[in-house]
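1. next come a sequence and a model predicted from it.
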Amino acid sequence: MIQLLTATGARPEAWELCIKWMQRQTYRGAVKWVIVDDGPVAQRIPRLPRWQIEVVRVEPHWQPGQNTQARNMRAGLERISDELPLLVIEDDEHYAPGYLKRMAEVLKAHEMAGQGLCRKYNLKTRRAMEMIHPTQASLCATGMRGNATKKLRTLCQSAPKLIDVHLWKVFKGHLFEGAYVTGLKCMPGRGGIDSGHHPNFGNISDEDGSLLRKWIGDDAKEYGPFMTNTRDGEIQAYVDAYQSPSYKMGGRRMQFADELLAGFGKGETLLDIGTGRGETLRMADAKGLVSTGTEVVPYLLNERVQFAQAHAMPFEDGSFDNVTCLDVLEHLIEEDIRPALREMLRVARKTCTVTVSELPSIYNGRELHISRRPKEVWLALIRECWGPAARQCGWAGKSPAYQVVK
């Protein structure tokens, strides 16, 4: 059996991801997971087959500004055996599927072991740090048994601020290679004391999220909603919004689209970028147009709607007679707006038409219109990309509409 100890509370989004990372571990031996929760509202208790789960609720509950780690660790260690391997699992870390298995193997030969590679990523600033520490591992990537566990007990009594630093100073452990654990800092909820939470943290900039994808693969999308104005973050927010049946094209935008399409010639081709639930495509069918859509929402794709991001169209120059993009630009990060407008112009033979919002759109407490601006500013930006012939051609409800005829 191996034992896991997690001190958590007041960080529900991070906790749900922690459960997910534990659920998919490849270790098949017995596991006892001791969860110490001192948040004002109890975290969800996970249910994992063949795992023994013990939850300890600690009072008084954590309050902003407090550091209760040592207290919570003491409470959890009361349920822990010194003789069995113990791994400290923290709720704001990403754990690769093979972590528990790897640590269990290493602890057969060593009383304390840890991942020498230290990776931390600040989700708010999109800045990161990567280093190989020659003498210690982070507590979230440390396992122990026997005398090492006893040393941890002693340290938690004295309650140093950085338990891992002191533990590796007083007990010589084994550092192993691999990238099983990555720290994800600034998740919603209670803050942390780690340096990764500081606004000026990190010597690596990751504006487009590619570094995080390189580090943790497809799991990076799970953190997208918590990143500040990154492409992945906004795509994930869009994907989440479409899970609600009520998130669809509004009546006045449909009326605008219907009138617009009526002005195109029968048999002409249409590309609708960000087609959503395909309302524009169905109206185009009724008018005898040959239409294609693009989307980034996986469950909205089909034989005529393919995955494509607005700033990178997978079509040849002049592939379509007409291109429409209705109330999409305001969802894009700033660096993608101009490339998206230029892509529309590139793949169109005759016309490009967009509608854009000046207004906010709050969904589940999050602003989806991250790049909105006044209609005059929209027009100036569109003319910058489409040329001076671009003009405002009407309104789609409260959204101004712009068009250029090539």
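-> It's in. Residues are numbered from 1 along each chain as shown.
2. so where's the stretch 201-350 of the chain shaky on pLDDT?
-> In the predicted model of the stretch 201-350 of the chain, residues 228-229 satisfy pLDDT under 70.
3. could you pull up phi and psi at the closest residue to residue 45 other than its chain neighbours?
-> Closest residue in space to residue 45, ignoring its immediate chain neighbours: residue 55 at 5.7 Å, by CB to CB, 6 or more residues apart in numbering. For the C-beta atoms, the positions are set from N, CA and C on the backbone; glycine is no exception. Residue 55 adopts backbone torsions of phi -110, psi 130, taken as degrees, to the nearest 10.
4. the chain should start at 148 in everything you say after this.
-> With 148 as the first residue, the last one maps to residue 202.
5. state the distance from residue 202 to residue 342.
-> Residue 202 is 30 Å from residue 342, where distance means CB to CB, to the nearest Å.
6. then residue 149?
-> Distance, residue 149 to residue 342, by CB to CB: 29 Å.
7. could you do residue 478 as well?
-> 33 Å.
8. okay, the two: which has more neighbours?
-> Taking neighbours as other CB atoms under 10 Å, residue 478 and residue 342 compare with residue 478 leading, 23 against 15.
9. which ones are touching that one?
-> If you count contacts by CB atoms under 8 Å, 6 or more residues apart in numbering, residue 478 has them with 381, 385, 421, 515, 516, 517, 518.
10. contacts only, for the first one.
-> With contacts defined as CB under 8 Å, 6+ apart, the neighbours of residue 381 are 371, 478, 479, 480, 515, 517.
11. quick check: closest non-adjacent residue to residue 327.
-> Nearest non-adjacent residue to residue 327 (CB to CB, 6+ apart): residue 246, at 4.1 Å.
12. cool, residue 553 as well?
-> In space, residue 553 is closest to residue 497, 5.9 Å off (CB to CB, 6+ apart).
13. you'd agree the one you found is up against residue 471?
-> No - assessed by CB atoms under 8 Å, residue 497 is found out of contact with residue 471, at 11.8 Å.
14. neighbour-wise, which of these two wins?
-> residue 471 (29 against 16).
15. any idea what that one is bridged to?
-> Beta-bridge partners recorded for residue 471 (DSSP bridges): residue 419, residue 500.
16. any idea how far it lies from residue 343?
-> In terms of CB to CB, residue 471 sits 43 Å off from residue 343.
17. CA atoms only for stretch 443-454, dumped as PDB, please.
-> Output in PDB follows, covering the C-alpha atoms of stretch 443-454 (Å, rounded to 0.1, in the frame of the first residue of the first chain):
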ATOM      1  CA  VAL A 443     -13.500  25.300 -32.600                       C
ATOM      2  CA  VAL A 444     -16.100  23.500 -30.500                       C
ATOM      3  CA  PRO A 445     -15.500  19.800 -31.000                       C
ATOM      4  CA  TYR A 446     -19.100  18.700 -30.600                       C
ATOM      5  CA  LEU A 447     -20.300  21.200 -33.200                       C
ATOM      6  CA  LEU A 448     -18.200  19.700 -36.000                       C
ATOM      7  CA  ASN A 449     -19.700  17.600 -38.800                       C
ATOM      8  CA  GLU A 450     -19.300  16.700 -42.400                       C
ATOM      9  CA  ARG A 451     -19.700  20.400 -43.500                       C
ATOM     10  CA  VAL A 452     -18.300  22.100 -40.400                       C
ATOM     11  CA  GLN A 453     -14.600  21.600 -39.900                       C
ATOM     12  CA  PHE A 454     -12.300  22.600 -37.100                       C
END
